[in-house]
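In: Pasted the sequence and its predicted model underneath.
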Amino acid sequence: MFRLQGLFRSTGIACLLVWTLAGLSAPAHADQKDPRLDDLFAHLQDVTEPQDVFATERKIWAIWLETSDNKAQELLDAGIDAMNKGDHRSALDSFDKVVAVAPDFAEGWNKRATLHYLMGNLERSLEDIKKTLELEPRHFGALSGRGLVYANLDDLEKALIAFEDALAVNPKMAGPRVNADAIREVLKKREI
């Protein structure tokens, strides 16, 4: 089981870095309700070239990371900056304020879920992931994150479902695919 958890940890950190770094360049006044997202998600189902997948994912992340609420945007940006610097206390303070001033902004919840995961607050991470997915059911980052949390809680059945849900939205994601395959192997061995 140790190797499996190491796999989740390394792919989880890679996913978290992508989630965080994707916010570095984004158009103004967007969020999970942006009408451009429908076409981008449809494109994810058909795209085959890795660079095209990555470009489409970046466009989706850019939209998710922007809000027309200037205060929420300022707080989100400060939280991301603090999280990138490892200042969890400041990041949590910022993300707490984001969800208070903009409770309908999915990425505020997702960033706080990510931070809770990094801090080892797995149940709190799951609560924020749930809220993220209520606001944006296609949030493949939150779906994958939910898989990582459940894997760390050793609830492999729920982790597998979460990774499969992420792949249903974004079929070319490497982390969830590798994790889902690893979980299937472990579950197969448990049945024997």
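Out: The structure has been received and is ready for your questions. It should be emphasised that the depicted structure is a prediction, and the values quoted were computed from it without experimental measurement.
In: List the buried residues in stretch 50-63.
Out: By neighbour count, and taking 16 or more other C-beta atoms under 10 Å as the criterion, the buried residues in stretch 50-63 are 53, 56, 57, 58, 59, 60, 61, 62, 63. For glycine as for every other residue, the C-beta is placed from the backbone atoms N, C-alpha and C.
In: Ignore what I typed, I meant stretch 127-135.
Out: Neighbour-count burial for stretch 127-135, with 16+ other C-beta under 10 Å as criterion, is recorded at 128, 129, 131, 132, 133, 135.
In: same thing with stretch 165-181?
Out: Counting neighbours by 16+ other C-beta under 10 Å, one finds that the buried residues in stretch 165-181 are 165, 166, 167, 169, 170, 172, 173, 175, 176, 177, 179, 180.
In: mean confidence score for stretch 33-46?
Out: The predicted model assigns stretch 33-46 a mean pLDDT of 94.
In: Would you check how far apart the closest residue in space to residue 128 that isn't next to it in sequence and residue 99 are?
Out: Spatial nearest neighbour of residue 128, chain neighbours left out: residue 113 (3.5 Å); criterion: C-beta to C-beta, 6 or more residues apart in numbering. Using C-beta to C-beta, to the nearest Å, we find residue 113 at a distance of 10 Å from residue 99.
In: gap between the residue nearest to residue 128 and residue 69?
Out: If you go by C-beta to C-beta, the gap between residue 113 and residue 69 works out to 19 Å.
In: what's the answer for residue 157, then?
Out: 38 Å.
In: of those two, who's got more company?
Out: Shown here are residue 157 and residue 69; by other C-beta atoms under 10 Å, residue 69 has more neighbours (18 against 10).
In: Quick one: neighbours of the closest residue to the more buried one other than its chain neighbours, just the number.
Out: Nearest residue to residue 69, sequence neighbours excluded (C-beta to C-beta, 6+ apart): residue 102, at 4.8 Å. Residue 102 has 21 neighbours, counted by other C-beta under 10 Å.
In: so residue 102 makes contact with residue 72?
Out: Yes - under the criterion of C-beta atoms under 8 Å, residue 102 lies in contact with residue 72, with a separation of 3.6 Å.
In: Would you state the helices of the protein in chain order?
Out: Shown for the chain, the helices assigned by DSSP state H span residues 2-21, 36-46, 50-64, 70-84, 88-101, 106-119, 122-135, 140-152, 156-169, 174-191.
In: Pull the distance from the shortest one to the chain's centre.
Out: Its chain's average C-alpha position is 17 Å from that of helix 36-46, according to C-alpha atoms, centre = their mean, to the nearest Å.
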